[in-house]
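J.: structure, please.
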Amino acid sequence: MSAEQNTLDIAGAEVQARSQVLRKELGIADLVLAQILIVIVPEFFGTAVKAGPSHVILWLLAILLFFIPQALVVAHLNRLMPLEGGLYEWARLIFGDRMGFLVAWNMWLNTTVQVSQIALVTTTYISYAFGFDVAWIESRPLLVVGASIGLIAGMMLIARLGLGVGKWVSNAGSVFTVLILGVLIFLPYLLQHRGLLQHYRPLPLVVPPFTFFTLSIFSKMTFGALSGFEMVAIFSGETRNSGRNLARSILFTAPLIALLYILGTSAILAFVSPDAIDVIGAIPQALSRGFGAFGLAGPLASVAILLLLLNYLCSYTLYFSTNTRLPMVAGWDHLLPNWFSVLHAKYRTPVNSILFMGGVALAASMAVLIGAKSQESFVLLQIWSWSFYGLAYLALFAIPLFAAKEKGIRPRAWLRAGAATGFAVILLFLILAVLPIVPVASIWKYSLKIALVVIGANFAGWMIYRTAGPANRPSI
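T.: Next up, the predicted model:
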């Protein structure tokens, strides 16, 4: 072992020692299913459909330029630093406490915003499943507030019980996701066999036009649909043989996820044109039209919608648990008060961090409901969330590119080249993020809102680091 690698081992020794008290609940099968649940996001099928038959070329480019580099970089870094906290710890050990804290802050903000939408997503999907007018959500605010409280309380309970329970929730969500996508992919072949669908081409190789619209679709397909492998690494201290098993699980899941995205998008296009697609509900829309040929559109579409809702509920529950680990590990590193690191006597879960995350998620969900009536406000919320996540991903790809040689993690040239393409894709996404995809009153005001909130949030994170960090670091 090199002297440089010894430096990393020594720097992460305290985290590894603290992790010994955590329960090792995750095996390789759990990692595989968790990655499928996290990486596959249903609404991005609708985004890809907007590209029409050229989606296959765009997916292949996204896989080559971002998905494969992400998978290799995450596997490489986790093998060298299999530490609870994942990307936060990797950035902290390579670039210092301040950068690590800001990476964790942006990851935490992204996940908090995602979780805050749970009540709105749940009530919306239920209204579609049972044929209610979506306007009923706006007319029953107390019902939605009650749903928010109940759902967040459920996530807190599962997080408190630990991954011994939580992994079964995420495993079930992953199985349902693969099941519904498998039905979607098989449906065009069934209709073609029955003579109800003509000229189905699952892999059309159509060169996309080089336009701003194509770039926008490509950036969202790439980062929005294909990110997430680093999320599972947050649980490295709760994973059996994390350094080896995470890499093996990525090797299995990456090709499967790529196939599901490509074939799933083609299947949707068999039933819905790009101009008529419902970007958020693309899968239920396609299933409804496909099963409509058999006179089963109503009941089967309702089942599909409810299964997709399970995907969201299970993934949000997993996101919630990841967000409770980041403050816990930051407490171990003396960047936050040790209060966040207090563990449950039996389940060895961070009870105070769970309580804090629950309170923040509930407050954020109320804020989401206030702005839910405005399409622009809701889109802004999504863009802010993904912008925070994009900043964290810049750090992920920056580690192989810019880490000091004495850190001992500089990979071979081919992996650095992959990290460079991933870095460039994230920059493209962040640049395009400030431009609206829905009609807005003022483009420059819209863009300014995005930039100011992202910059302001990171300034707030830096101030928290300056205020909380020094008070908790042991004196020398």
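
J.: roughly how far does Gly331 sit from Phe356?
T.: Separation of Gly331 from Phe356 (C-beta to C-beta, to the nearest Å): 11 Å. No exception for glycine: its C-beta is placed from N, CA and C like everyone else's.

J.: shared neighbours of these two, anything?
T.: Taking C-beta atoms under 8 Å, 6 or more residues apart in numbering as the contact rule, Gly331 and Phe356 both touch Phe340.

J.: tell me the buried residues in the host helix or strand of Ser365?
T.: Using DSSP states H and E, Ser365 sits within helix 351-371. For helix 351-371, a neighbour-count test (16 or more other C-beta atoms under 10 Å) marks 351-358, 360-362, 364-365, 368-369 as buried.

J.: for it, the distance to its chain's centre please.
T.: Centroid separation for helix 351-371 versus its chain: 18 Å, with C-alpha atoms, centre = their mean, to the nearest Å.

J.: secondary structure class for the closest residue to Asn472 other than its chain neighbours?
T.: Among residues not flanking Asn472 along the chain, His334 sits closest, at 4.6 Å (C-beta to C-beta, 6 or more residues apart in numbering). The assignment at His334 comes out as coil when based on DSSP: H, G, I helix; E, B strand; the rest coil.

J.: so where do the helices sit in the stretch 1-150 of the chain?
T.: 3-11, 13-19, 28-39, 43-49, 55-62, 68-80, 87-95, 97-116, 118-129, 136-139, 141-161 (DSSP state H, counting those that start in this stretch).

J.: please identify the deepest-packed of these.
T.: Stretch with highest mean neighbour count among those: helix 87-95 (a mean of 26; mean count of other C-beta atoms under 10 Å).

J.: now that helix against helix 68-80, angle please.
T.: Interaxial angle, helix 87-95 versus helix 68-80 (axes from the mean of the first three to the mean of the last three C-alpha atoms, to 10 degrees): 80 degrees.

J.: state the mean pLDDT of helix 87-95.
T.: What helix 87-95 shows for mean pLDDT is 94.

J.: got a list of contacts for it?
T.: Helix 87-95 has contacts (C-beta under 8 Å, 6+ apart) with 8, 11-12, 15, 77, 81, 83, 99-101, 103-104, 107, 230, 233-234, 326, 329-330, 333, 392, 395-396, 398-399, 403-404, 407, 409.

J.: closest to Leu190 among the buried residues of helix 351-371?
T.: Among the buried residues of helix 351-371, Val368 lies closest to Leu190 (C-beta to C-beta), at 39.0 Å.

J.: got the contact list for the residue nearest to Gln192 when sequence neighbours are not counted?
T.: Distance criterion C-beta to C-beta, 6+ apart; nearest residue to Gln192, sequence neighbours excluded, is Tyr200 at 5.1 Å. Each residue near Tyr200 by C-beta under 8 Å, 6+ apart is listed here: Pro188, Tyr189, Leu191, Gln192, Ala270.

J.: isn't there a strand covering Tyr200?
T.: No. Under three-state DSSP, Tyr200 sits outside any strand and is assigned coil.

J.: just the pLDDT for it.
T.: Reading off the model, Tyr200 has pLDDT 85.

J.: please renumber the chain so that the first residue is 628 from this point on.
T.: Got it, the first residue is 628 from now on, which makes the last one we talked about Tyr827.

J.: any idea how far Ala894 is from it?
T.: 9 Å.

J.: okay, and the common contacts of these two?
T.: Pro815.

J.: before we move on, the earlier item: buried subset of the contacts of Tyr827, written for PyMOL?
T.: To isolate the buried members of the contacts of Tyr827 in PyMOL, using 16+ other C-beta under 10 Å:
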select buried, resi 815+818+897
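
J.: make TSV from the contacts of Tyr827 and add distance to Asn1099, secondary structure and pLDDT to it.
T.: Output for the contacts of Tyr827, formatted as TSV (distance: C-beta to C-beta, whole Å; DSSP: H, G, I helix; E, B strand; the rest coil; pLDDT from 0 to 100):
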residue	distance to Asn1099	secondary structure	pLDDT
Pro815	57	helix	91
Tyr816	59	helix	91
Leu818	62	helix	86
Gln819	63	helix	85
Ala897	57	coil	90
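
J.: distance check, Ala640 against Lys651.
T.: Computed with C-beta to C-beta, the distance linking Ala640 and Lys651 is 18 Å.

J.: wait, what's in contact with the nearest residue to Val748 once chain neighbours are set aside?
T.: Nearest residue to Val748, sequence neighbours excluded (C-beta to C-beta, 6+ apart): Tyr939, at 5.3 Å. By C-beta under 8 Å, 6+ apart, Tyr939 lies in contact with Pro669, Ile745, Val748, Thr749, Tyr752.

J.: ok, which pair from the contacts of Tyr827 is furthest apart?
T.: Farthest pair in the contacts of Tyr827 (C-beta to C-beta) is Tyr816 and Ala897. Separation: 9.5 Å.
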